[in-house]
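> next one to model:
(4 chains)
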Number of protein chains: 2
Amino acid sequence: MKDVHNYDRDPDGSLYDPRVRAAMAGFAGGDPADPLTLLTCEAGAAVRTAYHSVERMRAHGSQGRGVSAGALDLLLRLNGSDQGISIGDLARAAGVSSRNVTGLMDTLENDGLALRVPDPGDRRSVLARITPAGRAWIEAFREPSRLAMRAMFQGFSAEELVVFRDLCLRLAANQHQLADRLSHLSQNGDQP
Amino acid sequence: MKDVHNYDRDPDGSLYDPRVRAAMAGFAGGDPADPLTLLTCEAGAAVRTAYHSVERMRAHGSQGRGVSAGALDLLLRLNGSDQGISIGDLARAAGVSSRNVTGLMDTLENDGLALRVPDPGDRRSVLARITPAGRAWIEAFREPSRLAMRAMFQGFSAEELVVFRDLCLRLAANQHQLADRLSHLSQNGDQP
DNA sequence: CCTTACCATGAAGGACGTACATAATTACGA
DNA sequence: TCGTAATTATGTACGTCCTTCATGGTAAGG
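Numbers count the residues shown, from 1 in each chain, chains lettered A, B, ... in the order given. Have a look, this model is predicted:
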């Protein structure tokens, strides 16, 4: 499991993964008129790597306390709301299926960190709400998590963090727009 | 599953997710002497979002052709090598357990896209090698994937792609250094 | 030679995520 | 008003990724 992390640096000083580049060169490779394809492939792989790193750190901090990654996501969102959030809204906010949120809420409810209350305005709907125990859990989680996050982003300036967030969300926005277009294409015919 | 994607923009024009910020404000929140913590939390959440976007696009392109995300990762790496790569090396390169790579190789071998050959230099080791069918699969996958990647990173300049890759890998490098330090700490006593 | 370390894999399990079907409820149109 | 369609949460059933621990085969160094 020990990963010999030999990233290299391009002439401009930016990091890259030589193994990824070797793999992608044979894939996106030969066309010199299209250097952007190689770059996008490398960037896509880098996102994957970064995500795994974040998840691993998160696991160290939360999994040891009995809450998994997806459940933590929900709990943090619930912590930002007092009256509760419906299952569907949570699913849309997190970009996952509502069935998934139902399952995560089951585990949170079993642990006593959240509970379901009926939505007074819609009897089909269920509001998920954080419990005092949930808030206490988050409170205990706060400081170690803060330190871990700071360590993860060690060496990042505030400007770099902002740029990073912006690039990540632009990626997500592009994907979403694309997915919408694809689903509309498959629903309708062809030309507008 | 339709996600109403209402990201907002900070005064400087950079994207942020208001729901994440609301959740994180209550968590990393109040301390005005430490604005970086909120930023790091937002950045961490953004990585997660971006990763899911990439995975979803990848699923559209490959899962429909019978190869899952992890297996595709392996196949691309194998495509960059002719004589083959050992299971352990693949695991270290991808940052996952070797057991995991064994399982993914099983599926690739069942599909005929890769095969195992004995390592002439070490009879314990097994070299994973791509087959002609594997290369043909990749060839067929190349053009749709290229288009999808270009669409995903639409609006990204070459410089932004480089910066993005650099930031992602710096994150991964930090995490790795941190994990090493933690494991050493738990192995040894305390002070150096 | 023999102990130690390494390699791939079997076994078992956890977590995330999906699709489809269903019952309850709401919304809307004739 | 009544009936049809849409929405909400959830049951059922899967698939994939990833992990840890245990095991048999092999290499390396004393």
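> domain map for chain A?
Annotated domains of chain A cover A:1-63, A:66-152, A:157-184 [automatic domain parsing].
> relative to B:A158, which of these is closest?
domain A:1-63 (6.1 Å; C-beta to C-beta). (C-beta placed from N, C-alpha, C; glycine too.)
> run the chain-centre distance for that closest one.
Relative to its chain's centre, domain A:1-63 lies at 18 Å (C-alpha atoms, centre = their mean, to the nearest Å).
> can you tell which of the domains of chain A is closest to B:H52?
domain A:66-152 (6.2 Å).
> quick revisit: could you dump the domains of chain A to TSV with mean pLDDT and distance to B:L147?
Below are the domains of chain A laid out as TSV (pLDDT from 0 to 100; distance: least, C-beta to C-beta, whole Å):
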stretch	mean pLDDT	distance to B:L147
domain A:1-63	79	9
domain A:66-152	91	23
domain A:157-184	84	10
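> looking at those domains, which is closest to DNA strand C?
Among these, domain A:66-152 comes nearest to DNA strand C, with 3.0 Å by C-beta to the nearest atom of the strand.
> what about that closest one, near DNA strand D?
Yes: for domain A:66-152, a contact with DNA strand D is found by C-beta under 7 Å from any atom of the strand, at A:86-88, A:91, A:98-99, A:102, A:105-106, A:116, A:119, A:122, A:124-126.
> can you pull out the strands in chain A?
Using DSSP state E, the strands found in chain A span residues A:8-9, A:15-16, A:85-86, A:114-118, A:126-130.
> so of these, which one's packed in deepest?
Of all those, strand A:126-130 has the most neighbours on average by mean count of other C-beta atoms under 10 Å in any protein chain shown, namely a mean of 21.
> that older thread, out of the domains of chain A, which comes closest to B:D8?
Going by C-beta to C-beta, the one of the domains of chain A nearest B:D8 is domain A:157-184, 9.9 Å.
> I'd say A:G26 and B:G80 touch.
Yes: with contact defined as C-beta atoms under 8 Å, A:G26 reaches B:G80; the gap is 4.9 Å.
> so what's the residue in chain A positioned nearest to DNA strand D up against?
In chain A, the residue that lies nearest DNA strand D is A:G88 (2.8 Å; C-beta to the nearest atom of the strand). Neighbour list for A:G88: A:98, A:125 [criterion: C-beta atoms under 8 Å, 6 or more residues apart in numbering or on different chains].
> returning to what we had before: just the buried ones from the residues of domain A:66-152 next to DNA strand D?
For those, a burial check counting by 16 or more other C-beta atoms under 10 Å in any protein chain shown picks out A:86-87, A:91, A:105, A:116, A:126.
> what does chain A put close to DNA strand C?
So far as C-beta under 7 Å from any atom of the strand goes, chain A lies against DNA strand C at A:68-71, A:96-97, A:99-100, A:103-104, A:107, A:122-124.
> try 10 Å
A:1-2, A:55, A:59, A:62-63, A:66-74, A:91, A:94-104, A:106-108, A:118-125 (C-beta under 10 Å from any atom of the strand).
> taking those residues one by one, which sit in helices?
With DSSP state H as the criterion, helices contain A:55, A:59, A:62, A:69-74, A:91, A:94, A:98-104, A:106-108 from among the residues of chain A next to DNA strand C.
> which of these are buried, as a PyMOL select command?
Here is the PyMOL selection string for the buried members of those, based on 16+ other C-beta under 10 Å:
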select buried, chain A and resi 55+62+70+71+72+73+74+91+94+101+104+107+108
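> burial measure for A:R181, as a count.
The local packing of A:R181 (other C-beta atoms under 10 Å in any protein chain shown) involves 11 other residues.
> tell me the spacing between the residue nearest in space to the middle of chain A and B:N100.
Against the mean C-alpha coordinate of chain A, by C-alpha atoms, centre = their mean, the closest residue is A:Y51 at 7.4 Å. From A:Y51 across to B:N100, the span is 16 Å (C-beta to C-beta, to the nearest Å).
> just A:P11 next, same as before
35 Å.
> what does A:R170 give?
31 Å.
> which helix in chain A has the most residues?
helix A:158-187.
> quick one: that helix to helix B:158-187, angle?
Calculated by axes from the mean of the first three to the mean of the last three C-alpha atoms, to 10 degrees, helix A:158-187 forms an angle of 110 degrees with helix B:158-187.
> ok, helix A:158-187 near DNA strand D or not?
No: using C-beta under 10 Å from any atom of the strand, helix A:158-187 stays clear of DNA strand D, coming no nearer than 12.4 Å.
> and that helix, what does it pack against?
Contacts defined by 3 or more C-beta pairs under 8 Å, 6 or more residues apart in numbering or on different chains; DSSP states H and E place helix A:158-187 against strand B:15-16, helix B:35-62, helix B:132-152, helix B:158-187.
> at 6 Å what do you get?
Using 3 or more C-beta pairs under 6 Å, 6 or more residues apart in numbering or on different chains; DSSP states H and E, the elements in contact with helix A:158-187 are helix B:35-62, helix B:132-152.
> and it with helix B:132-152, angle?
110 degrees.
> list the buried residues of helix A:158-187.
So helix A:158-187, judged by 16+ other C-beta under 10 Å, has buried residues A:160-176, A:178-179.
> now that helix: how far from the chain's centre is it?
When C-alpha coordinates are averaged (C-alpha atoms, centre = their mean), helix A:158-187 and its chain have centres 13 Å apart.
> before we move on, what about stretch A:79-91?
In terms of C-alpha atoms, centre = their mean, the centre of stretch A:79-91 is found 18 Å from the chain centre.
> kindly report the same for stretch A:156-168.
15 Å.
> equivalent analysis for stretch A:82-93, please.
Distance of stretch A:82-93 from its chain centroid, counting by C-alpha atoms, centre = their mean, is 17 Å.
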